[in-house]
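1. Kindly generate the corresponding structure for this input.
(chains A, B and C)
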Amino acid sequence: MKRRSFQVTMVGLILLLLLVSTLSFSLGTLALSPLEILKTLIGRGTQQQELALFVIRLPRILIALLVGAALAVSGTILQSVVDNDLAEPGILGINSGAALFVVIYIYLTNGNNYYSMPDFTIFTMPFIALSGGLVAAVLIYGLAWKQGMNSMRLLLMGIAVNVAFTSLIIIMQLRFNNQDFNRVLMWTSGSLWGTSWIYVGVAAPVIIALIAITIYGSRYLDVLRMGEMTAIGLGVNVLKAQRYLIFIAVALAAVATSVAGNISFVGLMAPHISRKLVGARHQYLTVTAMLVGMILVVAADMIARNLFAPIELFIGAVISVIGTPYFIYLMLKQDHYE
Amino acid sequence: MINPDVNDWRSDLRMVAEMFGKEEEAEAYISDYEAKAAEVGAAIKAVNGEQATYYAFLAGDDIHFLFTGAAYGDIFYNDMGLAMPENLPEQDSIELPMVDLEALTEIESDYILILASDEQRAEFESSSVFNSMETVQNGNVIWVSLSPYFNQAYSPYGKYQLLDELQELLIR
Amino acid sequence: MKKQVTEVNRTAMVLVLCFVGLALIFLGIILSISYGTREVAGIDIIQGLFAREKMNIEQLIIWDYRFPRAISAVLIGCFLATSGAMMQGITRNSLASPSIMGVNQGAVLAMAIYMSSQAIPATIVRVFFAFIGAAISAVFIFLLSLRRANLDITRMLLAGSALGALFLSLASMVALLTGNSKDLAFWMAGGFGSVNWSTVYLLLGASIILPFALTLSPKIMIVSLGDEVAIGLGEKPNLIRFLAFICIVLLSGVAISVGGNIGFICLIVPHIARMGVGVDYRYVIPISMVFGGVLLVFSDVIARVIGNTGEIPVGSITSLIGVPVLIYLVRREKRT
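-> Numbering: from 1, shown residues only, chains lettered A, B, ... in the order given. Alright, predicted model coming up:
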């Protein structure tokens, strides 16, 4: 892809993102017109508008952006390292692993009280999530290893492990917080409800840093995608690169899951769509996927919040309505090349 | 016995009042409510007797949720001063104790308030186990529909409205 | 001569296993009845097992509460295992099963829609909905799994789990939107809470399908040997598949509509049956019937003991047992 067309695509995506975000800002129980948004931003809105914007919507949309970016980049990395377009952290069970560890951690430190979690718990959550994601990743990889690695087997093992972790999450939640089935759904189907600035503060630095590292290491992803032999031939320590990259992918997915629950399919669709837009060169692909992921999550969150207001749908469920058919379509298409 | 942290609506109300600068109104509301609750409680006890026990639960499919410390429990035992059945399971965290039908039959109480949907009520009423409970046979079961009674018991405004209704419901 | 002896031996072994299974079911029911929140004395347990005019509350608990629950667990387990065994027979693959393939989840979604629509609360209508849901998703998955007229197991698993997850998401959304989430939650995770004698009668009625499944099993065995073999022997494989499909969907539909989403029984039990008696579906299907009941009634007891009666849905226990088995089976599969 030429540099010029890439820039055009970027501009287009950024504009789309701004549009979707503005829509998301304005829709809701308290409708805000773009003018009112601007006014409130400079500090000249009513108290109600400030509450809606600064306390409720702004952190939520920021989290949506961060989560979308993280999941998309995670999916991009996984698809290249595993060399299978169907790979993504949600399907592979990494998100459920992270969510399970966080759920257990919250229970151990906080009992059932979700409403006043001490800051310490929130700050340490990403690390717990990371360990959960890593445990899941190691488990899946180990189980899928049978005299060599087969990406389809990896996928199937991921699905099995996903079921296991999700069952455990359901048990944990129903056992210890039984009036509230919504809690279960929040973790297994994802939700951005109740996010606040502290979550933004916790997730943002980690996610931004990891994405930056990924973009910086784009060449490794390019080379790995060309196949193991080529990569070795080009002097890349394949095993080390793979492990390093998988670690980053897991970390991104885990942090995203720790603040938003298990949102699947973003990591599947974003890299795909981006590949169609800008081609496979990771320097462009990663950034594009990031933007596409952001757009997907912000749009889905907007739909989840507003479609059946005042009832809020779960964002993971909303995304899976498009994501599942997309997944199946990809799966059916894959066989053409086998 | 009942964990005061579990359902501290008063401090929540005070916090919100502080945000809007209406602390005095909040205090007035709270003392109004407490006075009225005591009144209603006394009226109920006058008719049903000082020792009469009451409890409320939320009907589920398999499992039912007892209002020991929260909502109705708070209103009955803390605010109205009604007596609690001896073997009512304790509530030690933010969630309601869960019991199944068998455990319900073990709680001895003079009156039971049940929050249930129509279907659940039908299921209960067709259960021979339920019908053989003493309280049921004495006709001292009060059925209440889920909406609005579930949420109402949790909110300060709702609780106040509820007091009059409870007086009517519980005096038989 | 030697071959005939082995045949007889095998049939004898299967019969013995069936008796063992029935004994285990009996034991499971006793265990299930004896365990509960309220302490019930032994004598009351025994007296509670027979319908009588006057029963004290403890006997009523046994008769009207625990006994129907135990029987339902046995029957539902039996239905699920049978549908799994039949499905594996007609697809010639040990990983096929209604829960993996999203069939059960389709029934769950249909049930969610039904429960939320507050339509006529007739049990028959409920079951019918579940049946339709199961049938539609089965057809869907089947079509997606075909690859050049062969059933591709990888596709089936991927599409099945993706669609299954989607159906469950949609079911939760329906529950959420219609304000039924609390009710739907426990039901969806699988459980026998709201079971009473009329549900037992329903299940007993549905068990008419079982003898039919048994008569179908020799045909299924032939189909499992291959289509050419079947045609050569004068059978019509697609007709057999179709009949089996009806049984599978009916059995799954009834099981799900009563017990909620209880997964993996349909996968694990036929597998264990095959380990015991080999791949002859004339034997696998009956053994699955019996041991399906065993597995579920014991899982229910475990779920209630660990979960302090009702806190852990039985579906979670079966998932926990089932996932290692699933992983093991996928690893063993040559075609993945």
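2. in which helix or strand would I find the nearest residue to residue C:112 once chain neighbours are set aside?
-> Leaving aside its sequence neighbours, residue C:112 sits nearest to residue C:171 (Cβ to Cβ, 6 or more residues apart in numbering or on different chains; 3.9 Å). (C-beta placed from N, C-alpha, C; glycine too.) Per DSSP states H and E: residue C:171 is located in helix C:153-177.
3. Just the buried residues of that helix, please?
-> C:153-176 (16 or more other Cβ atoms under 10 Å in any protein chain shown).
4. repeat for stretch C:35-51
-> For stretch C:35-51, a neighbour-count test (16+ other Cβ under 10 Å) marks C:36-38, C:40, C:44-45, C:47-49 as buried.
5. For it, C-alpha coordinates in PDB please.
-> Only the C-alpha atoms of stretch C:35-51 are listed here, as PDB (Å, rounded to 0.1, in the frame of the first residue of the first chain):
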ATOM      1  CA  TYR C  35     -29.700 -35.200  51.000                       C
ATOM      2  CA  GLY C  36     -31.400 -31.800  51.500                       C
ATOM      3  CA  THR C  37     -31.400 -28.700  53.700                       C
ATOM      4  CA  ARG C  38     -33.900 -30.100  56.100                       C
ATOM      5  CA  GLU C  39     -32.900 -33.100  58.100                       C
ATOM      6  CA  VAL C  40     -35.300 -35.900  57.400                       C
ATOM      7  CA  ALA C  41     -35.300 -39.100  59.400                       C
ATOM      8  CA  GLY C  42     -34.800 -42.400  57.700                       C
ATOM      9  CA  ILE C  43     -38.200 -43.600  58.400                       C
ATOM     10  CA  ASP C  44     -39.800 -40.600  57.000                       C
ATOM     11  CA  ILE C  45     -37.800 -41.000  53.900                       C
ATOM     12  CA  ILE C  46     -39.100 -44.500  53.300                       C
ATOM     13  CA  GLN C  47     -42.600 -43.600  54.100                       C
ATOM     14  CA  GLY C  48     -42.400 -40.500  52.000                       C
ATOM     15  CA  LEU C  49     -41.700 -42.600  48.900                       C
ATOM     16  CA  PHE C  50     -45.300 -43.900  48.800                       C
ATOM     17  CA  ALA C  51     -48.200 -41.600  48.000                       C
END
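6. so how far is it from its chain's centroid?
-> Distance of stretch C:35-51 from its chain centroid, counting by Cα atoms, centre = their mean, to the nearest Å, is 28 Å.
7. what about it and chain A, touching?
-> No. Stretch C:35-51 lies apart from chain A when judged by Cβ under 8 Å from any Cβ of the partner chain; the minimum separation is 15.6 Å.
8. now swap in stretch C:291-304 and tell me
-> No. Stretch C:291-304 stays clear of chain A (Cβ under 8 Å from any Cβ), getting no nearer than 9.6 Å.
9. Relative to chain C, which residue of chain B is the closest?
-> At 2.4 Å from chain C, residue B:62 is the closest residue in chain B, using Cβ to the nearest Cβ.
10. From residue A:89, how far out is the residue nearest to the spatial centre of chain A?
-> Nearest to the mean C-alpha position of chain A, by Cα atoms, centre = their mean, lies residue A:71 at 2.6 Å. Distance, residue A:71 to residue A:89, using Cβ to Cβ, to the nearest Å: 7 Å.
11. My read is that residue A:136 contacts residue A:91, right?
-> No. Checked against Cβ atoms under 8 Å, the pair residue A:136 and residue A:91 is beyond contact range at 11.7 Å.
12. more crowded one of these two?
-> Neighbours were counted for residue A:136 and for residue A:91 using other Cβ atoms under 10 Å in any protein chain shown; residue A:136 has more, 29 against 25.
13. looking at this, the more buried one is in a strand?
-> No. Counting by DSSP: H, G, I helix; E, B strand; the rest coil, residue A:136 is located in no strand; its state is helix.
14. which one's the longest helix in chain B?
-> Ordering each helix of chain B by length in residues (DSSP state H) puts helix B:23-48 first.
15. Just the buried residues of that one, please?
-> Buried residues in helix B:23-48 (16+ other Cβ under 10 Å): B:26, B:29-30, B:33, B:36-37, B:40-41, B:44-45, B:48.
16. ok, now stretch A:82-99?
-> Buried-residue list, stretch A:82-99, by 16+ other Cβ under 10 Å: A:82, A:84-99.
17. Is stretch C:259-274 in proximity to chain B?
-> No. Against chain B, stretch C:259-274 shows no contacts by Cβ under 8 Å from any Cβ, the least distance being 9.5 Å.
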